[in-house]
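Enquirer: just need the structure, nothing else, for what follows:
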Amino acid sequence: MEHHAPHPSAAFEGHYSKFDLPSGAHLALIICEVRGAKRRPYMVSFTYVPQDSATSEIYQKEVWVDKIDMKRDANGHSFNLNVPGMGFARWSEDGSTEYRLKHPDFTIKAKANPGTPWSPRTYTPESLLVYLPLPLHWHVQSLASKCALDLQIPEYDLPSVDRSGTAMLHEEKNWANSFPSAHMWLQARNGDRGFCCVGGQILGMEAFLLGYRSKNLNVDFRPPFAVRLAGLSPFMSYKTDWENRTFELSVQSFRQKLTVKASAPKGTFFSLSSPFPDGHRENFLGQSFQATFEVKLYESGWFGPWQLIREDKFAAASLEFGGGYYPPAGSEQRSH
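Expert: Model (predicted):
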């Protein structure tokens with residue numbers, strides 16, 4: 001909870017919640033603040049994505065609210081994101097989460113149980129790096145939380161199972177004093193298997209954080225292995241290809257190596273606004289919830305060849321291209 005709570009000294013911080021809904025649809029809810037910005041400093045973003053977003057309409061509403069109050073309780077272990085005139089999101093000391101947001105165009109009421117932490121060894125992807133004065137931080141509060149959900153979108157024909165039911169919730173946040181020039185984000189969950197990854201370019205370097213969960217495996221990579229300087233690294237390589245909607249990453253330590261290939265169909269990407277020093281800018285990242293991931297994990301002895309020990313595929317996964325990796329950034333085109 002410490003890292004998910006407000007960081008008042010950060011230039012921006014945003015809480016991202018993704019709900020996997022009973023119909024196979026997904027809901028992305030973002031509450032984000034850019035401190036000191038003169039234009040669009042406060043955003044509540046609500047995006048409902050049907051199971052087949054290539055043939056069915058996506059519903060999106062980005063609300064530029066007047067204020068977001070991010071406050072810890074007196075005990076220091078609970079906090080609220082209060083949106084005057086709309087409602088709140090609350091994270092409690094017991095690990096549960098509650099959302100109550102009402103807008104003329106949508107209403108969400110949700111209560112999530114304490115969720116699945118990042119790993120048994122560390123409760124945040126950065127591990128000890130989270131305590132360093134890095135330009136950008138990423139925290140995953142829960143990989144999966146069972147969530148009771150009531151949802152209303154008056155001008156959209158919601159499936160009945162999505163109006164009131166049980167969803168699966170993924171929760172994370174970013175906070176920073178610098179803004180990435182380009183980034184990628186990947187997320188997938190299927191039972192006890194999952195994959196999460198974020199990374200890109202910031203302050204002249206390229207760095208990634210990632211975690212792979214599969215039955216008895218809890219594998220993490222972070223700098224110094226998952227970093228590249230001046231385009232060079234003995235441990236990591238990656239390739240972004242927006243034109244073909246693909247991303248490939250290979251990262252290794254001395255004993256383990258992980259590769260991931262991610263792709264999503266054209267026509268399934270929707271745009272989201274992104275924080276910048278001057279405020280939120282519209283359409284600066286593209287996200288799809290219909291991606292496919294192929295993850296492979298290898299191990300080796302000190303001088304032996306790499307041996308494939310686990311292979312997983314994930315469907316209905318999340319793939320995001322942002323900033324310099326997203327050529328339509330800032331354009332009028334909102335679906336891709």
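Enquirer: where exactly do the helices run in this protein?
Expert: Counting by DSSP state H, the chain has helices at residues 160-163.
Enquirer: max-length strand in it?
Expert: Longest strand in the chain, counting residues (DSSP state E): strand 279-299.
Enquirer: check which residues of that one are buried.
Expert: Residues of strand 279-299 classed as buried: 279-280, 283-293, 295-298 (neighbour count, 16 or more other C-beta atoms under 10 Å). All C-beta spots, glycine's among them, are computed from the backbone N, C-alpha and C.
Enquirer: quickly list the domain ranges of the protein.
Expert: Domain assignment of the chain by automatic domain parsing yields the ranges 1-178, 179-336.
Enquirer: now render these as CSV, adding mean pLDDT.
Expert: Below are the domains of the chain laid out as CSV (pLDDT from 0 to 100):
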stretch, mean pLDDT
domain 1-178, 92
domain 179-336, 95
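Enquirer: still on that earlier bit, show me what the longest strand of the chain packs onto, helices and strands only.
Expert: Judged by 3 or more C-beta pairs under 8 Å, 6 or more residues apart in numbering; DSSP states H and E, strand 279-299 is in contact with strand 26-34, strand 182-190, strand 205-214, strand 256-263, strand 270-276, strand 307-323.
Enquirer: pipe those strands into JSON lines and attach mean neighbour count per row.
Expert: What follows is those, written out as JSON lines (neighbours: other C-beta atoms under 10 Å):
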{"stretch": "strand 26-34", "mean neighbour count": "23"}
{"stretch": "strand 182-190", "mean neighbour count": "22"}
{"stretch": "strand 205-214", "mean neighbour count": "21"}
{"stretch": "strand 256-263", "mean neighbour count": "20"}
{"stretch": "strand 270-276", "mean neighbour count": "22"}
{"stretch": "strand 307-323", "mean neighbour count": "18"}
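Enquirer: so which of these gets nearest Ser335?
Expert: Comparing those against Ser335 with C-beta to C-beta, the closest turns out to be strand 270-276 (5.9 Å).
Enquirer: picking that back up, give me the sheet partners of the longest strand of the chain and which way each runs.
Expert: Partner strands for strand 279-299, per DSSP bridges, with pairing direction: strand 256-263 (antiparallel), strand 270-276 (antiparallel), strand 307-323 (antiparallel).
Enquirer: switch these over to a markdown table; also include distance to Ile58.
Expert: Shown next, in a markdown table, are the strands paired with strand 279-299 (distance: least, C-beta to C-beta, whole Å):
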| stretch | distance to Ile58 |
| --- | --- |
| strand 256-263 | 19 |
| strand 270-276 | 5 |
| strand 307-323 | 14 |
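Enquirer: now for the ones you listed, which one comes closest to Leu203?
Expert: Of all those, strand 307-323 sits nearest to Leu203, with 13.4 Å by C-beta to C-beta.
Enquirer: okay, the angle between the closest one and strand 182-190?
Expert: Between the axes of strand 307-323 and strand 182-190, defined by axes from the mean of the first three to the mean of the last three C-alpha atoms, to 10 degrees, the angle is 130 degrees.
Enquirer: follow-up on the earlier one: now the helices and strands packed on strand 279-299 as a markdown table including distance to Arg245?
Expert: Written out in a markdown table, the entries for the helices and strands packed on strand 279-299 read as follows (distance: least, C-beta to C-beta, whole Å):
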| stretch | distance to Arg245 |
| --- | --- |
| strand 26-34 | 17 |
| strand 182-190 | 12 |
| strand 205-214 | 19 |
| strand 256-263 | 6 |
| strand 270-276 | 13 |
| strand 307-323 | 8 |
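Enquirer: tell me which of the ones you listed approaches Pro104 most closely.
Expert: Nearest to Pro104 among the helices and strands packed on strand 279-299 is strand 26-34 (16.7 Å), distances taken as C-beta to C-beta.
Enquirer: now the closest one - C-alpha only, PDB.
Expert: Output in PDB follows, covering the C-alpha atoms of strand 26-34 (Å, rounded to 0.1, in the frame of the first residue of the first chain):
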ATOM      1  CA  HIS A  26     -12.800  -4.900 -20.400                       C
ATOM      2  CA  LEU A  27     -13.100  -1.600 -18.600                       C
ATOM      3  CA  ALA A  28     -10.100   0.800 -18.200                       C
ATOM      4  CA  LEU A  29     -10.400   3.400 -15.500                       C
ATOM      5  CA  ILE A  30      -7.700   6.000 -15.000                       C
ATOM      6  CA  ILE A  31      -7.500   8.700 -12.400                       C
ATOM      7  CA  CYS A  32      -4.500  11.000 -13.000                       C
ATOM      8  CA  GLU A  33      -3.100  14.300 -11.900                       C
ATOM      9  CA  VAL A  34      -0.300  16.500 -13.300                       C
END
